[in-house]
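S.K.: Sequence first, predicted model second:
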Amino acid sequence: MRAVFSRRPMLAAPLLLALCGAAAAQGFPSRPVRILVTIGPGSAADILTRALAEEMSRRLGQTVLAENRPGAGGNIAAEAVRRAEPDGHTLLLATVSTHGINPTLYRAIPFDPVADFTPITLIATSPNVLVVHPDSPFRTVADIVAAAQARPGELTYSSGGSGTSQHLGGAVLEQMTGVRLTHVPFRSAPESINAVLARQTDMTFASVPAAVGLVQGGRIRPIGLSGTRPVAELPEVRPLADLGLPGFDVTAWFGLAGPAGLPAPVVARLNQVTREALGVAAVRARLAQQGMQILEGGPAEFAAFIRAEIARWAPIVRASGATAE
């Protein structure tokens, strides 16, 4: 007897998945939403998340919490979200580290930045600013390049650690100009700036919030921004890309992501409320104080952005020799 198989269960499967997704969205959120932050309290990422969480809470009708899970360059927070239920109640503030640099920086990471997450939306980008001591002889990036060419390996730049955006800013400067600098890593970004203040190193790429007060107080001299656009907090400082290094772009960025398999209606709802929160004047002003520039886009744009960032950073990290375990 020939077996007869019905196609009805197979045809019904997509419909059932769609209905489940719709049901999940209808009941979302049913409890507080957590956004895991890869850096500690008081950081730019933390300030960003808390500013958004307050506005998102109003729109979702549930509390949205920023939960700090620092460590391993953001891998700890990312792994926690990877393991979470894909219901929209546990999210990640994805960064250039977790979804750009770390796949190459670490020999192995406990997640696939593409397959294990559902992109929701880009949020903002944040450049650094190349700074020197006010008594430094360097006033332009051309001065730095000329000195580095004359004295290979003698000029030093500090960073908050191997593989950070401060470190890779220096690495890209080397790669674009062909000079050789000496990297001096510290345990944190503030220590990196203190090294320049104490004249222990010649320069560093400092975050805009950390640099603003020091620049205004005359304690450090800005050379140029690592991003491609000016920032309101340092209106007199131009991008390095406009100062003889066309294409120079080493910026931190932030986006919202959930675990893989997040239902499309939930993704759409989270994208909507995040973008609405970013449209609030008080939020925009608060982010501007952190030197952040708002980005927007749908899940598909964010997914393409992540793939492009992983591909962009891989050769830069390998050429820099940076590793982390």
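M.R.: Arrived safely. Since the model is a prediction, treat every value here as computed from it, not as a measurement.
S.K.: pLDDT weak spots in the chain?
M.R.: Along the chain, segments meeting pLDDT under 70 span 1-26, 325.
S.K.: Now with 50, please.
M.R.: The model of the chain has pLDDT under 50 over residues 1-7, 10-11, 13-19, 21.
S.K.: need the strands for it, in chain order.
M.R.: 33-37, 64-68, 90-95, 117-132, 156-159, 182-185, 203-207, 221-225, 251-259, 293-294 (DSSP state E).
S.K.: With respect to Ala300, which of those strands lies nearest?
M.R.: Closest to Ala300 of these is strand 117-132 (CB to CB; 8.0 Å). (Each C-beta comes from the backbone N, C-alpha and C, glycine too.)
S.K.: partner strands of the closest one, parallel or antiparallel?
M.R.: strand 203-207 (antiparallel), strand 221-225 (antiparallel), strand 251-259 (antiparallel), strand 293-294 (antiparallel) (DSSP bridges).
S.K.: now it against strand 90-95, angle please.
M.R.: Going by axes from the mean of the first three to the mean of the last three CA atoms, to 10 degrees, strand 117-132 is angled at 40 degrees with respect to strand 90-95.
S.K.: residue contacts, Gln293?
M.R.: 124-127, 227, 229, 231 (CB atoms under 8 Å, 6 or more residues apart in numbering).
S.K.: Buried ones among the residues you listed?
M.R.: Neighbour-count burial (16 or more other CB atoms under 10 Å) applied to the contacts of Gln293 gives 124-127, 227, 231.
S.K.: Spell out which residues make up each domain of the chain.
M.R.: Annotated domains of the chain cover 31-126+251-320, 127-242 [automatic domain parsing].
S.K.: Most tightly packed of the strands paired with strand 117-132?
M.R.: Comparing the strands paired with strand 117-132 on average neighbours per residue, with mean count of other CB atoms under 10 Å, the densest one is strand 203-207 at a mean of 28.
S.K.: Now do it: everything it contacts.
M.R.: Here strand 203-207 makes contact (CB under 8 Å, 6+ apart) with 44, 126, 128-132, 136, 138, 144, 155-159, 165-166, 169-170, 189, 192-193, 195-196, 214, 220, 223, 226, 250, 252, 291.
S.K.: what about that strand, distance to the chain center?
M.R.: Between the centre of strand 203-207 and the centre of its host chain there is 16 Å, according to CA atoms, centre = their mean, to the nearest Å.
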